[in-house]
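S.K.: after the sequence you'll find the predicted model.
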Amino acid sequence: MKEKVVVGMSGGVDSSVAAYLLKEQGYDVIGVTMQIWQDQDVFTQSQEGGCCGLSAVEDARRVAEKLSIPYYVMNFKADFQRAVIDYFVSEYEKARTPNPCIACNRYVKWESLLKRSMEIGADYIATGHYARITRLSNGRYSIRNSVTAAKDQTYALYNLTQQQLMHTLMPVGEYTKPQIREIAEKIGLPVASKQDSQDICFVPDHDYAGFITRETGRESRPGNFVDETGQILGQHRGLIHYTIGQRKGLGISSQTPLFVKELRPETNEVVLCQSQSLFNRVCYVDNVNYMAQETLTAPVAAIGKVRYSHAGAPCMLYPCGDGTLRCEFEEPQRAMTPGQAAVFYQDDYILCGGTIEKT
């Protein structure tokens with residue numbers, strides 16, 4: 001009897017080819033698109049596209065027809081509101097910078113979808129992520145870098161559990177993006193040349209502050225820009241408008257470029273600095289999810305990534321008694337930001353990852 005796999009289909013080329021590859025490998029494939037936030041009118045959804053708009057549903061349905069696999073739309077709006085949007089708003093209101101894609105992966109695309117898929121008799125779920133899952137010699141599952149550094153998506157997957165990894169397939173991780181597009185063209189998929197989705201799906205206009213204000217009904221209070229000595233430099237529009245390392249949109253004139261160094265919710269201040277003050281060697285990481293090992297009991301060397309676009313840098317991890325980690329990089333890193341993820345690798349595998357608490 002064939003093993004059954006539910007493929008999360010976004011309407012993009014990657015998840016579409018993932019469904020094709022798994023069918024070719026002999027799995028009983030079911031296509032599913034997750035309805036998670038779409039409430040706009042049809043025109044807006046079609047225009048915005050992205051991984052979750054109405055066009056995603058139509059494109060995924062056409063691909064499923066082409067592949068002759070069953071296709072369904074599942075509603076996860078309540079889960080997405082709780083695990084992603086509420087978290088996103090709450091973190092910004094605490095003057096932290098969240099990563100909603102990581103929360104969506106852990107709690108919606110995996111936890112909710114896997115639960116629903118198992119209920120309908122599936123053995124696995126699958127996605128079109130550029131990553132690979134491997135069972136290590138110690139018996140634990142870990143995510144390994146994809147074959148292409150250009151599209152590697154492992155950073156956003158660090159928070160998956162052993163149970164989730166055990167029931168997940170990621171066939172796209174063995175290919176480069178051009179190879180995936182080539183497969184799509186070869187088999188005549190209608191999304192072969194579809195552009196990749198970018199940015200946060202539920203804030204398509206990129207106005208995070210406006211979204212948070214609409215979601216909460218509260219305006220963010222203006223306050224003072226200050227320098228590192230506490231001298232007032234001007235007025236800011238409200239803490240939710242800023243993030244660590246930001247340069248544009250400050251509205252402050254200065255002979256040298258100024259950047260956001262720190263957000264202080266207790267005094268409603270935004271601290272500005274020159275570029276060199278953004279660099280730091282140490283950060284503290286909490287809410288740690290261990291992947292390649294069960295835990296850390298002694299210092300270990302690793303490669304640390306402190307944002308999605310970060311190339312990664314050598315560091316040492318020191319376990320603290322309270323379950324947090326102290327990360328010490330060999331060289332200072334720019335704009336390590338509370339609320340963002342820090343993910344640590346050994347030999348191309350994710351060792352562990354967590355949330356930057358402070359620097």
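M.R.: Arrived safely.
S.K.: show me where this protein has helices.
M.R.: 13-24, 42-48, 54-67, 77-80, 86-93, 100-104, 113-119, 162-166, 177-186, 208-216 (DSSP state H).
S.K.: buried residues in the last one?
M.R.: By neighbour count, with 16 or more other Cβ atoms under 10 Å as the criterion, the buried positions of helix 208-216 are Y208, A209, F211, I212, T213. For glycine as for every other residue, the C-beta is placed from the backbone atoms N, C-alpha and C.
S.K.: how about low-confidence regions in the stretch 101-250 of the chain?
M.R.: Applying pLDDT under 70 to the stretch 101-250 of the chain flags the ranges 197-199.
S.K.: give me that answer again for 80
M.R.: Within the stretch 101-250 of the chain, the ranges that satisfy pLDDT under 80 run 148-151, 192-201, 204.
S.K.: strands along that one, start to end?
M.R.: Assigned by DSSP state E, counting those that start in this stretch, the stretch 101-250 of the chain shows strands spanning 124-126, 131-135, 141-145, 168-169, 223-226, 232-236.
S.K.: mean neighbour count added to those, as CSV?
M.R.: Formatted as CSV, those follow (neighbours: other Cβ atoms under 10 Å):
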stretch, mean neighbour count
strand 124-126, 22
strand 131-135, 17
strand 141-145, 23
strand 168-169, 20
strand 223-226, 19
strand 232-236, 16
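S.K.: and these as a markdown table, adding distance to D348?
M.R.: Formatted as a markdown table, the strands of the stretch 101-250 of the chain follow (distance: least, Cβ to Cβ, whole Å):
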| stretch | distance to D348 |
| --- | --- |
| strand 124-126 | 21 |
| strand 131-135 | 9 |
| strand 141-145 | 4 |
| strand 168-169 | 18 |
| strand 223-226 | 42 |
| strand 232-236 | 42 |
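S.K.: closest to A184 out of those?
M.R.: Closest approach to A184 among those (Cβ to Cβ): strand 124-126, 16.3 Å.
S.K.: count of residues packed around Q293?
M.R.: The burial count assigned to Q293 is 16, neighbours taken as other Cβ atoms under 10 Å.
S.K.: distance of it relative to G323?
M.R.: 14 Å (Cβ to Cβ, to the nearest Å).
S.K.: same question, A60
M.R.: A60 is 40 Å from G323, by Cβ to Cβ.
S.K.: which residues sit in contact with D227?
M.R.: L233, V271, L272, C273 (Cβ atoms under 8 Å, 6 or more residues apart in numbering).
S.K.: of the residues you listed, which is the most crowded?
M.R.: Counting neighbours by other Cβ under 10 Å, the top entry in those is L272, with 25 neighbours.
S.K.: ok, that one touching K261?
M.R.: Yes. Here L272 reaches K261: they are 6.4 Å apart, a contact under Cβ atoms under 8 Å.
S.K.: quick check: phi and psi at D123.
M.R.: D123 has phi and psi values of phi -90, psi -30 when expressed as degrees, to the nearest 10.
S.K.: who's in contact with the residue lying closest to it once chain neighbours are set aside?
M.R.: Distances taken as Cβ to Cβ, 6 or more residues apart in numbering place E3 nearest to D123, at 4.4 Å, with adjacent residues excluded. By Cβ under 8 Å, 6+ apart, E3 lies in contact with Y27, D28, D123, Y124.
S.K.: now do 10 Å
M.R.: L22, Q25, G26, Y27, D28, A122, D123, Y124, L169 (Cβ atoms under 10 Å, 6 or more residues apart in numbering).
S.K.: do I have it right that L114 meets I125?
M.R.: Yes. With contact defined as Cβ atoms under 10 Å, L114 reaches I125; the gap is 5.2 Å.
S.K.: so what sits against both of the two?
M.R.: V6, G8, Q164, H167, T168.
S.K.: closest one of the contacts of D227 to D152?
M.R.: D152 has its nearest neighbour among those in C273, at 31.2 Å by Cβ to Cβ.
S.K.: measure how the strand ranked longest in the chain sits relative to strand 141-145, angle-wise.
M.R.: If you go by DSSP state E, the chain has its longest strand at strand 279-290. Here the directions of strand 279-290 and strand 141-145 differ by 140 degrees (axes from the mean of the first three to the mean of the last three Cα atoms, to 10 degrees).
S.K.: and L169, how far is that from V6?
M.R.: For L169, the distance to V6 - Cβ to Cβ - is 10 Å.
S.K.: which residues are in contact with both of those two?
M.R.: Residues touching both L169 and V6 (Cβ under 10 Å, 6+ apart) are D123, Y124, I125, A126.
S.K.: so who does the closest residue to the last one other than its chain neighbours touch?
M.R.: What that stands for is A126. Distances taken as Cβ to Cβ, 6+ apart place L169 nearest to A126, at 4.1 Å, with adjacent residues excluded. L169 makes contacts with 3, 5, 7, 18, 21-22, 25, 27, 123-127, 133, as judged by Cβ under 10 Å, 6+ apart.
S.K.: what does G230 give?
M.R.: The contact partners of G230, by Cβ under 10 Å, 6+ apart, come to N224, T267, E269, V271.
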